[in-house]
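Participant: Fold the stuff below for me.
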Amino acid sequence: MFEKLKSILTKVDAEYADIRHEVKNVIKIAFNGRELTEIGNNTTDGYVLRILNKGGYASISFTSPEQHEKALATVSENAHLMSRSAKKPVVFKKTPVVKDYYSPKLEEDPRKVAIDEKLQLTKKYNDIILATDKITTTSVAYAELYRDKHFLSTEGSEIREELITTRISGLITSRDGKLIQNVRVAAGGSNGFAVLRDREDEFEKRAGIAVDLLKAQPMQGGCYNAIVNQSLGGVFTHEAFGHFSEADIIENNRSVRERMKIGAKLGNETVNIVDDPTMLSQLGHYRYDDEGVAACRTSLLKNGVLVGRLHSRRTAAAFEEPANGHCVAEDYRYAPIIRMGTIFIEPGKNTLEELLAQLGNGYYLLDAKGGQTSGENFTFGAQYGYIVKNGKIGAMVRDINISGNLYQTLNSITAIGGDLKLSEVGGCGKGQKNIRSCHGTPHMLINNLIIGGS
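Facilitator: Residues are numbered from 1 along each chain as shown. A predicted model of the protein is given here:
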């Protein structure tokens, strides 16, 4: 494949060019209730060609090698037009030339597992849920994505990297009369098929939560001190803070860029936030981004102070900051954009019991359930929670929404647990989908959290 890519790049007349070829294989098995609604295996491939010339940058995707001359002519013309009309010429940060082949170590390669075995495992977990009293239906699916990427640049980089992701996830619906409750369930990762085996307890637990919610009392809205678990804290970290750490998001937003200056005090000194795609066996792991830059552990917030951000080669040059390998494409249809890899709040030293004791009276909120951000403000749902009195967990509550301001919330995180947990199933829809986007936190105690309910 590299020889084929070299033959294309030799025809490029530009200061810089790179080309990425990718084979993408997708397997999906889906159940709606007890009915098998989908089973399929689909393989596609294609190319992305990027050119930088005289300050003009352009990219193009195509699916057949026979299309490369037309694609080359089009992308060259577009780069020329950009160089004439752009207010500021595009510059790429200098990065090391790399020649490497990387395939992460897998605990049982999913490609060696028969599709019938994948079907039976998915059916087994679906049946466990449906056997629970008052569960009315499910929407449970197995999904497997394999990407085999070849990257070549005129600077001399030659990189092949394989990525594979598996998961079984879906929605559980319980009902009691007119009251309906939904709970999400998910298991998976990027370190092999073994992570999906022996997960019966997880699916039983989630079905039980869906049933328990039918008896839970609605949340009474107000301002409370609360503990959030790893899932809910992870979504806050990704959505409310993480996107502001992506240089392209803030680049042309004067007010946010002013607030997100390196060295700015943004949160409580207990808060340290990192993005680290190099963490082996985690969902967000990769070695090189889709610009051929080595992924780097990047400290973003240190003792509440902003110390870094996520970059492409272009934004690294524009901000005069280091490139750190965070420019990733959904697949061969897209040029890469800045993305989070594995973003998390570093653990503290408190146990959950110690956090509950510090909380005294308040709420324990668990698991993210959708939400949105608007600038520095956010609103997220929690799937369920518990009343906490005198440091003891009590009755379950439902219909929970939390809202607040990013900076006020970062300053209101007063204690952090030592039990960091990262998501097994991720997802980010910024511009393109990224199912490998991973997030998490330890349990955290947050004061004066605005919690909406009935």
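
Participant: Now do the helices in this structure.
Facilitator: Assigned by DSSP state H, the helices in the chain fall at 2-9, 68-85, 115-130, 200-212, 230-236, 247-250, 254-259, 313-319, 352-359, 406-412.

Participant: Extract the residue ranges of the stretch 101-250 of the chain that are flagged as low pLDDT.
Facilitator: The model of the stretch 101-250 of the chain has no residue with pLDDT under 70.

Participant: Would you state the strands of it in chain order?
Facilitator: Along the stretch 101-250 of the chain, counting by DSSP state E, counting those that start in this stretch, strands occupy 135-153, 158-176, 179-189, 217-218, 222-228.

Participant: want to try TSV for those strands, with mean neighbour count as columns?
Facilitator: Glycine gets a C-beta too; all of them are placed from N, C-alpha and C. Formatted as TSV, the strands of the stretch 101-250 of the chain follow (neighbours: other CB atoms under 10 Å):
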stretch	mean neighbour count
strand 135-153	20
strand 158-176	20
strand 179-189	19
strand 217-218	12
strand 222-228	20
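
Participant: how about TSV for those strands, with distance to Thr414 added?
Facilitator: Shown next, in TSV, are the strands of the stretch 101-250 of the chain (distance: least, CB to CB, whole Å):
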stretch	distance to Thr414
strand 135-153	38
strand 158-176	33
strand 179-189	29
strand 217-218	27
strand 222-228	9
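
Participant: To Leu266, which of the ones you listed lies closest?
Facilitator: Closest approach to Leu266 among the strands of the stretch 101-250 of the chain is made by strand 222-228 (18.4 Å; CB to CB).

Participant: And the contacts of stretch 351-370?
Facilitator: 184, 219, 224-229, 231-232, 234-235, 350, 380-393, 397, 400, 402, 414-415, 417-419, 443-445, 451 (CB atoms under 8 Å, 6 or more residues apart in numbering).

Participant: Return the set of buried residues in it.
Facilitator: By 16 or more other CB atoms under 10 Å, the buried positions in stretch 351-370 come out as 352, 354-356, 359, 362-369.

Participant: Show me where the stretch 301-450 of the chain dips below the pLDDT cut-off.
Facilitator: Judged by pLDDT under 70, no stretch of the stretch 301-450 of the chain qualifies at all.

Participant: quick one, what contacts Cys428?
Facilitator: Neighbours of Cys428 in contact, by CB under 8 Å, 6+ apart: 238, 339-340, 434, 437.

Participant: do you know how far it is from Asp133?
Facilitator: 36 Å (CB to CB, to the nearest Å).

Participant: How about Glu35?
Facilitator: For Glu35 relative to Asp133 (CB to CB), the value is 20 Å.

Participant: just the strands in the stretch 351-454 of the chain please.
Facilitator: Under DSSP E, counting those that start in this stretch, the stretch 351-454 of the chain gives strands at 362-374, 377-389, 392-398, 400-405, 413-416, 421-422, 438-441, 444-452.

Participant: Contacts for the shortest one, please.
Facilitator: Looking back up the chat, that one is strand 421-422. Counting by CB under 8 Å, 6+ apart, 230-231, 234, 279, 282-284, 342, 344, 438-442 sit against strand 421-422.

Participant: Neighbouring strands of that strand in the sheet, and parallel or not?
Facilitator: When sheet partners are counted by DSSP bridges, strand 421-422 sits next to strand 438-441 (antiparallel).

Participant: Using CSV, write out the CA atom coordinates for the partner strand.
Facilitator: Extracted in CSV, the C-alpha atoms of strand 438-441 (Å, rounded to 0.1, in the frame of the first residue of the first chain):
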residue,chain,number,x,y,z
CYS,A,438,-13.0,8.2,26.3
HIS,A,439,-13.7,10.1,29.6
GLY,A,440,-13.9,9.6,33.3
THR,A,441,-13.3,10.9,36.8
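
Participant: Can you give me the domain assignment for this structure?
Facilitator: 2-212, 218-452 (automatic domain parsing).

Participant: most neighbours per residue, which of the ones you listed?
Facilitator: When the domains of the chain are scored by mean count of other CB atoms under 10 Å, the highest mean neighbour count falls to domain 218-452 (a mean of 20).

Participant: can you give me the end-to-end distance of it?
Facilitator: 10 Å (CA to CA, to the nearest Å).

Participant: and the gap between Val97 and Thr10?
Facilitator: In terms of CB to CB, Val97 sits 17 Å off from Thr10.

Participant: Please disregard the earlier target; I meant Leu171.
Facilitator: 51 Å.

Participant: How about Leu36?
Facilitator: From Leu36 over to Thr10 (counting by CB to CB), the distance is 50 Å.

Participant: quick revisit: which stretch among the strands of the stretch 351-454 of the chain approaches Ile60 most closely?
Facilitator: Of those, nearest to Ile60 by CB to CB is strand 438-441, at 30.0 Å.

Participant: quick one: contacts of that closest one?
Facilitator: By CB under 8 Å, 6+ apart, strand 438-441 touches 228, 230-231, 233-238, 242, 282-284, 340-345, 416, 420-423, 426.

Participant: Spit out the contact partners of Leu283.
Facilitator: 165, 188-190, 342, 422-426, 436-438.
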